[in-house]
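Novice: Fold the following and give me the result.
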Amino acid sequence: MNKKITVTGARVHNLKNIDVEIPRNKLTVITGLSGSGKSSLAFDTIYAEGQRRYIETFSAYARQFLGNLERPDVDKITGLSPVISIEQKTTNRNPRSTVGTITEIYDFLRLLYARTGTAYSYLTEEKMVKYTTEQIINLIFNEYKGKKLIILSPVVKSRKGHYKELFVSIRKKGFLQARINGKITEITPGLLLDRYKTHEIEIVIDKLKVDDKNGKRLKESVKTAMHHGKGVIMTSEYDTDNIRYFSKNLMCPSTGLSYDEPAPNSFSFNSPQGACSACKGLDVISKIDTNKVVPDDSISIKRGGIKPLGEYQNTLIFWQIEAILKKHKVNIKTPIKNIPEKAIEMILK
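Specialist: Purely as a prediction, here's the structure:
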């Protein structure tokens, strides 16, 4: 394979029989005065010839739609491969643009990842699995045959709240029990949880012994559990409390963590589905530097300790600050380092 691109006798536009060698697989910069032929060499000679040769590999049928490209005025070019040209643009200041998005290569990569990628759980690093309803029924029947089993539908996963309305809704649907934080509890009128703690809630769909006699009942219970669990069900052995998850979506077999089916947008920083929730896909987070707001904590607010406010003035904002400080048993002449942290938080935020 050639290690360089060799151009011999380039005469495009204002180039005068230029010979040049450009190393491959390296970033090369062409510099010179305005009108010296930089663009003529890069775009009108090297790029034009690379594109012409690529199109020549197409069938005659395909070439009729693309038209014929003229060969640039050059004696010989060797070491070329298919080329991509990014136009010279000086007005584009979009912070979301990358070489990948401008050339549209990124669109193909996103499609590749979505179609051929293998999903793994970020909690356990296990390969994610998914089943059809029939596969789930067969797995449960084969694994738990002869055992007593509880079929559950997960509805709340590690979230805070009292869930009074949820319990009312579950009871209206005809279910009388729920597994709350690992304990099966009867859903009584007025049941509510500690709203400031995180909870795990699963609806108890059915309790049954897995055998041939209950085959039809097992199928109906699994389908009902799938409906209320949005494609995810849990099984718990009556005697051992061993938990297992099954899902029609991509799912971690140990923790029950579920992913949506990957789509091209899942891999795009320009889409809400794929963008980082903190920086929104821009790779930059704006934060206030408190060391610049309060550069010297040994001086008081009255003397300009909070730099954006400056020294004390007889205005509403300083009256409010004085009221906050008085509540914390300090005053506006107190050095900032001696003011309680809670008071500083209230003032700054």
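Novice: Please count neighbours and contacts with C-alpha atoms only from this point.
Specialist: Noted.
Novice: neighbouring contacts of stretch 276-290?
Specialist: With contacts defined as Cα atoms under 8 Å, 6 or more residues apart in numbering, stretch 276-290 is touched by 95-96, 269-270, 272, 275.
Novice: counting residues per helix, which one in the protein is longest?
Specialist: In the chain, taking DSSP state H as the definition, the longest helix is helix 215-228.
Novice: which outside residues touch that one?
Specialist: 133, 137, 151-155, 205-206, 208, 210, 232-233.
Novice: give me that answer again for 7 Å
Specialist: With contacts defined as Cα atoms under 7 Å, 6 or more residues apart in numbering, helix 215-228 is touched by 137, 152-153, 205-206, 232-233.
Novice: picking up where we left off before, of the contacts of stretch 276-290, closest to residue 177?
Specialist: When those are ranked by distance to residue 177 (Cα to Cα), residue 272 comes first, at 37.4 Å.
Novice: Is that closest one within a helix or a strand, and which one?
Specialist: Here residue 272 is covered by no helix or strand, with elements defined by DSSP states H and E.
Novice: how much space between it and residue 256?
Specialist: Look at residue 272 and residue 256: by Cα to Cα, to the nearest Å, they are 24 Å apart.
Novice: what pairs with residue 246 across the strands?
Specialist: Judged by DSSP bridges, the bridge partners of residue 246 are residue 233.
Novice: what's near enough to touch it?
Specialist: By Cα under 7 Å, 6+ apart, the contact list for residue 246 reads 136, 232-234.
Novice: got it, and residue 86?
Specialist: Residue 86 is in contact with residue 103, counting by Cα under 7 Å, 6+ apart.
Novice: so how far is residue 10 from it?
Specialist: Note on residue 86: its distance to residue 10, by Cα to Cα, is 22 Å.
Novice: Same check on residue 281?
Specialist: Distance, residue 281 to residue 10, by Cα to Cα: 44 Å.
Novice: next one: residue 139
Specialist: Separation of residue 139 from residue 10 (Cα to Cα) stands at 70 Å.
Novice: which one of those two has more residues nearby?
Specialist: Neighbours were counted for residue 139 and for residue 10 using other Cα atoms under 10 Å; residue 10 has more, 23 against 14.
Novice: what's near enough to touch the more buried one?
Specialist: Residue 10 neighbours (Cα under 7 Å, 6+ apart): 16-19, 73-75.
Novice: which one of those has the most neighbours?
Specialist: Top of the contacts of residue 10 by neighbour count (other Cα under 10 Å): residue 74, with 19 neighbours.
Novice: surely it meets residue 9?
Specialist: Yes. Using Cα atoms under 7 Å, residue 74 is in contact with residue 9, at 5.3 Å.
Novice: Now residue 334. Nearest residue, chain neighbours left out?
Specialist: Of all residues not flanking residue 334 in the chain, residue 300 sits nearest, at 5.3 Å (Cα to Cα, 6 or more residues apart in numbering).
Novice: Just give me the neighbour total for the one you found.
Specialist: For residue 300, the count of nearby residues is 21 (other Cα under 10 Å).
Novice: Next up, phi/psi of it, please.
Specialist: Main-chain dihedrals, residue 300, degrees, to the nearest 10: phi -90, psi 170.
Novice: contacting residues around it?
Specialist: Residue 300 sits next to 332-336 when contact means Cα under 7 Å, 6+ apart.
Novice: Quick check: strands, which of the residues you listed are part of them?
Specialist: Within the contacts of residue 300, no residue falls in strands by DSSP state E.
Novice: Export the residues you listed as CSV, with columns for neighbour count.
Specialist: Formatted as CSV, these follow (neighbours: other Cα atoms under 10 Å):
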residue, neighbour count
332, 20
333, 13
334, 16
335, 18
336, 21
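Novice: and of these, the nearest to residue 184?
Specialist: residue 336 (53.6 Å).
Novice: which residues pair with the residue nearest to residue 334 across the strands?
Specialist: residue 335.
Novice: and the most centrally placed residue in the chain, what are its phi and psi?
Specialist: Centroid-nearest residue in the chain, with Cα atoms, centre = their mean: residue 274, separated by 3.7 Å. Main-chain torsions, residue 274, degrees, to the nearest 10: phi -110, psi -10.
Novice: can you pull the contacts of it?
Specialist: 265-268.
Novice: From residue 267, how far out is it?
Specialist: Taken as Cα to Cα, the span from residue 274 to residue 267 is 5 Å.
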